[in-house]
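Colleague: Test case, fold it:
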Amino acid sequence: MYKMLVSFLMASTAIYAAETNPMAEACDRLVAALEQKTAALTRMQSEADVDAALDDLCASLDALKEQMAVDQKELWLYIDNTEGVKQPIIDELERLALQFARIQQAGFFNNARLRELLAPQLITDPEAQRAKREKLQEIDHDD
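Modeller: Below you'll find the model as predicted:
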């Protein structure tokens, strides 16, 4: 009986500690903001779609700015050293990069506000842009 109680208490403590880990919460917020950003950009398929998705894009950018209040070194240590955390972030960043490339290739759908919001996040290196275009074309032709 005593062993079962001790095991239960230890398991409960571990679960509680995991649920209240501030870096786990920060990581969850980071992933949610990246997913929101990707979703907003994905919805932009034409000039008509941009205005409707800009609010979500701005909200995701605000959430990402709030992430800067978190100790970045500690957050990335958590991401690097916690099983199952890093790969989903990498996958989401890849999806996001493809959306950036697609929207940049579309000329930001002639929307100055969209161009202004995304400009600080875009790579202007011609070689990197070529690689993104090739990757985007590979994905488009996979259908």
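
Colleague: Do you have the strands of this structure handy? List them.
Modeller: Assigned by DSSP state E, the strands in the chain number zero.

Colleague: Nearest to the spatial middle of it, which residue is it?
Modeller: When C-alpha atoms, centre = their mean is applied to the chain, the residue found nearest the centroid is Leu34 (2.2 Å).

Colleague: Could you tell me how far that one is located from Glu47?
Modeller: To Glu47, Leu34 is 25 Å away according to C-beta to C-beta, to the nearest Å. All C-beta spots, glycine's among them, are computed from the backbone N, C-alpha and C.

Colleague: other SSEs contacting the top helix by length along the chain?
Modeller: The residue-count maximum for a helix in the chain (DSSP state H) belongs to helix 22-43. Under the contact criterion of 3 or more C-beta pairs under 8 Å, 6 or more residues apart in numbering; DSSP states H and E, helix 22-43 touches helix 47-66, helix 72-81, helix 86-105.

Colleague: Output that helix as PDB, nothing but the C-alphas.
Modeller: Output of helix 22-43 as PDB, limited to C-alpha atoms (Å, rounded to 0.1, in the frame of the first residue of the first chain):
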ATOM      1  CA  PRO A  22       7.300  28.000 -17.600                       C
ATOM      2  CA  MET A  23       9.500  26.900 -20.500                       C
ATOM      3  CA  ALA A  24       7.000  24.300 -21.600                       C
ATOM      4  CA  GLU A  25       4.300  27.000 -21.500                       C
ATOM      5  CA  ALA A  26       6.500  29.400 -23.400                       C
ATOM      6  CA  CYS A  27       7.200  26.700 -26.000                       C
ATOM      7  CA  ASP A  28       3.500  26.000 -26.400                       C
ATOM      8  CA  ARG A  29       2.800  29.700 -26.900                       C
ATOM      9  CA  LEU A  30       5.600  29.800 -29.500                       C
ATOM     10  CA  VAL A  31       4.200  26.900 -31.400                       C
ATOM     11  CA  ALA A  32       0.700  28.300 -31.300                       C
ATOM     12  CA  ALA A  33       1.900  31.700 -32.600                       C
ATOM     13  CA  LEU A  34       3.900  30.000 -35.400                       C
ATOM     14  CA  GLU A  35       0.900  27.900 -36.400                       C
ATOM     15  CA  GLN A  36      -1.400  31.000 -36.300                       C
ATOM     16  CA  LYS A  37       1.000  32.800 -38.600                       C
ATOM     17  CA  THR A  38       1.300  29.900 -41.000                       C
ATOM     18  CA  ALA A  39      -2.500  29.500 -41.100                       C
ATOM     19  CA  ALA A  40      -3.000  33.300 -41.800                       C
ATOM     20  CA  LEU A  41      -0.400  33.200 -44.600                       C
ATOM     21  CA  THR A  42      -1.900  30.000 -46.100                       C
ATOM     22  CA  ARG A  43      -5.300  31.600 -46.300                       C
END
